[in-house]
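> Could you work out the structure for the sequence below:
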Amino acid sequence: MTRSTRLLTLAAGLSLAALAAFPGAAAAQQILLDRPVRAGELTVFPDLNDANVYYYVSDKPRLATDANGRPQFSFLRWVQNTRSGADQPDAREGEGGGVVHAVVELGVTAEQLRQAQQELQRVRPGARIQGPVVYKSGRFGLVAAVADPATGLSQKVLGLGKAPILDGEKAAVSILLTKQGAKILWESFHTPTPDVSFTFEMDMAGFRSPMKGVIEANFDQIYEHRAFSVGVASSYLSGEIRGAFDDLTRSGAIKVTQVGADEKIESLLNVAYQKLTDMMFAPVGGTGTPSLGALEGATGNQPSMLDRATQQLQRSREETRAENERIRRENREEEERAEARRRERAAAGGGTTTTAGAGGASGGPPDSRTAAGAGGATSDESPPTPVTGRSRVAPPAERSQGAASRLAGDPDPERPRRREEQAAPSFAVVAAFEMRTVRQRGTFRIDLNKYNADNLTLRFDENIGDLRALKNDRTHFREVNLEDPLFVQREIPVSVDGFNAQDFGQFVNFVTVHLRKKHAGGAVTDDEVKIDRKTFNSEGNAFKLLYGWKGDHDRRKWLEYDVSTTWSFFGGHEVTTPARAVTQGQLSLSPPYQRRTVELQGDPGALAAAGARAVTVKLWYRLGAREQVKQVTLNPARGQLSDRVEFLLPADSWSYDYEISWRLAGNRTASTGRRAGQDAILFVDELPTSP
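Numbering: from 1, shown residues only. Take a look at the predicted model:
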């Protein structure tokens, strides 16, 4: 074992050991999402309640290795001979394709942690790294160049898997390739840097600092948008939802009123879009990761989700190229204006033309005023500004007037204000959502001047690496002709949709999958896998069932088998699905119960006016015949007026009961009593009129 491998193993072991020693660590993490710090090679986020505690992001993906240090990767290219008909031309090639299977893991080394701790101490004396961020959920995809009849080679999203959420965890993805895709990818692996990359989108749960802004949304107008019209789509990609929200913001159906500098606009819009998504949509399968069938299959006249993701990726890249061209044009125009001003100043003053440095000719900091002109204010006392787009860019005439004002009152030349070009997106967001059956009505309004529970999506990429040394190893790269039935066996990959390792520790004891194959000759093959938290983590959510060839001369019949599942949930509730006949080459298990989330929101002004010192929310839900309860307490004095409650409900249900209780001054209490609810957000600042 090499030194780097030992360090990696140590780092992963320490992270998992720390979480094992403190089972509530994941739930106890209250991270400030808008205050990241770069420490060495790592990014760390501060704790909401302790300014000296930080959590590091595990964003170093790589191919996982087995106990012998071998990459957990395989590429099977297959062919099946086909016979042409009497009225058809001779078949020059058989049918075929390929299957790529890869296991990936996230982790950092002990050396990276040590350097990050030293750097954090340098910039934040007394601070310490407590442990890894526990992601809420995540997805990773395989992106490669494939042949497109219209455009030649183009980047395409080939597959998607559920990403590991803990440092050192593993996860797997399997991709079925067409014959042409298998040919191109096979050749790509002959190069030191194959055109194959893993791209990750990881969701962090945490809080955002108070912002002086208000969100208002007219749901009646939002549902009328063409993207959300009835019958347009049964599922939505997160990128498609955000594009529709951008349109609605420009039209005024979504309004974000801000107080402060322009750089706050993007944060306000992100919070607004996240809140509206939570209220209108639910993640497919509980995590937003669609099944393999949903990714590849088309619905009605719609292309498949993988095709839609690829189209969205291409659109994003085209928009980025157009935006960068505009930025380059504006930068050139700004440089020309600055040069003209310098010449005018030199001619008027009789001096020589000079070029301002990074801090201007005087050596001071560059002008930090906004594009609204010389009189534009940037303090927190600025008047509220309604946002109707991603950012506010002053028109050319306004920018020229602002430049003239600064020129008249500033004895030094103004340094050209260059904008940075945008990086081209490497992946289209493929989190999938379905619209809630209960629609929102009226106008939604929320004041963001408090700590708000929110999500942050982190994106990072990694090339699959140089695998040329494995090309002659049939364990990793294999070509097979399927025409010898005696040696044919069928492996059925099994994965669990909608759950991750954290869910197996909170909601699920285990799930058992049983396969029964009745062969043509009368023999029976039984195979079974049991998936619990330990095996889910160790196997990377990649399990397999197996049967062989036993006198099955009818190839179509040989593909048929029976499968049944048993789900065991915490609290002693079990659900068994009866055996059903299937022919699928991969089983994606959808649990009968899905994770639901209810967000709690309180207005600080309303609660202060009512004299509320504490707010307690009880939430009841049913697993089978058993009723479960969860309780959360908010503390207005500490600004804790937002939180989330996660629980399980049947896959087709959103109903729960809740009770909100307030502790008031003078040891008085008020309560809503037990009520029925379905909303994704509960507002806890509407006290009964008669406590």
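
> How many residues are close by the nearest residue to Glu330 once chain neighbours are set aside?
In space, Glu330 comes closest to Arg419 once its chain neighbours are excluded; the distance is 6.7 Å by Cβ to Cβ, 6 or more residues apart in numbering. Yep, even glycine has a C-beta here, placed from its N, CA and C like the rest. Number of residues near Arg419 (other Cβ atoms under 10 Å) recorded here: 14.

> which SS state does Arg419 fall under?
Of the three states, Arg419 takes coil under DSSP: H, G, I helix; E, B strand; the rest coil.

> and it, backbone torsions?
With angles defined as degrees, to the nearest 10, Arg419 sits at phi -100, psi 140.

> remind me which residues of the stretch 201-350 of the chain are low pLDDT?
The stretch 201-350 of the chain contains residues with pLDDT under 70 at 230-234, 259-265, 285-307, 309-310, 313, 349-350.

> swap that for the stretch 351-500 of the chain, sorry
The stretch 351-500 of the chain contains residues with pLDDT under 70 at 351-417, 423-431, 483-487, 498-500.

> Show me where the stretch 51-200 of the chain has its strands.
Under the criterion DSSP state E, counting those that start in this stretch, the stretch 51-200 of the chain contains strands at 53-56, 61-63, 73-80, 95-106, 128-132, 137-148, 152-162, 170-177, 196-208.

> Throw the ones you listed into CSV and include mean neighbour count and distance to Gln258, thanks.
CSV is the format used below for these (neighbours: other Cβ atoms under 10 Å; distance: least, Cβ to Cβ, whole Å):
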stretch, mean neighbour count, distance to Gln258
strand 53-56, 24, 28
strand 61-63, 18, 36
strand 73-80, 18, 48
strand 95-106, 22, 35
strand 128-132, 20, 33
strand 137-148, 22, 30
strand 152-162, 20, 35
strand 170-177, 22, 39
strand 196-208, 22, 14
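
> For the ones you listed, give me JSON lines that also has distance to Arg613.
As requested, those are exported to JSON lines (distance: least, Cβ to Cβ, whole Å):
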{"stretch": "strand 53-56", "distance to Arg613": "26"}
{"stretch": "strand 61-63", "distance to Arg613": "46"}
{"stretch": "strand 73-80", "distance to Arg613": "57"}
{"stretch": "strand 95-106", "distance to Arg613": "42"}
{"stretch": "strand 128-132", "distance to Arg613": "30"}
{"stretch": "strand 137-148", "distance to Arg613": "35"}
{"stretch": "strand 152-162", "distance to Arg613": "42"}
{"stretch": "strand 170-177", "distance to Arg613": "44"}
{"stretch": "strand 196-208", "distance to Arg613": "21"}
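
> Quick one: the helices in the stretch 401-550 of the chain, in order.
Taking DSSP state H, counting those that start in this stretch as the test, the helices found in the stretch 401-550 of the chain are 501-506, 533-538.

> Could you save the ones you listed as JSON lines and add columns showing mean neighbour count and mean pLDDT?
What follows is the helices of the stretch 401-550 of the chain, written out as JSON lines (neighbours: other Cβ atoms under 10 Å; pLDDT from 0 to 100):
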{"stretch": "helix 501-506", "mean neighbour count": "19", "mean pLDDT": "69"}
{"stretch": "helix 533-538", "mean neighbour count": "17", "mean pLDDT": "82"}
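
> quick one: buried residues of stretch 477-484?
By neighbour count with 16 or more other Cβ atoms under 10 Å, stretch 477-484 contains the buried residues Phe477.

> What lies in contact with that stretch?
With contact meaning Cβ atoms under 8 Å, 6 or more residues apart in numbering, stretch 477-484 is reached by 74-81, 186, 189, 470-471, 488.

> Now the two most distant members of those.
Asn81 and Leu470 (27.6 Å; Cβ to Cβ).

> More neighbours: which of the two?
The residue with more neighbours, out of Asn81 and Leu470, is Leu470; 17 against 12, by other Cβ under 10 Å.

> Ignoring the adjacent residues along the chain, who's closest to that one?
In space, Leu470 is closest to His476, 4.3 Å off (Cβ to Cβ, 6+ apart).

> doesn't Phe73 make contact with the one you found?
Yes: between His476 and Phe73 there is a contact under Cβ atoms under 8 Å: 5.8 Å.

> Can you work out which residues contact both of the two?
The contact sets of His476 and Phe73 overlap at 467, 470 (Cβ under 8 Å, 6+ apart).

> on that earlier part again, could the contacts of stretch 477-484 be laid out in JSON lines, adding distance to Asn463?
JSON lines is the format used below for the contacts of stretch 477-484 (distance: Cβ to Cβ, whole Å):
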{"residue": "Ser74", "distance to Asn463": "18"}
{"residue": "Phe75", "distance to Asn463": "16"}
{"residue": "Leu76", "distance to Asn463": "21"}
{"residue": "Arg77", "distance to Asn463": "21"}
{"residue": "Trp78", "distance to Asn463": "26"}
{"residue": "Val79", "distance to Asn463": "28"}
{"residue": "Gln80", "distance to Asn463": "32"}
{"residue": "Asn81", "distance to Asn463": "35"}
{"residue": "Trp186", "distance to Asn463": "17"}
{"residue": "Phe189", "distance to Asn463": "12"}
{"residue": "Leu470", "distance to Asn463": "15"}
{"residue": "Lys471", "distance to Asn463": "17"}
{"residue": "Val488", "distance to Asn463": "34"}
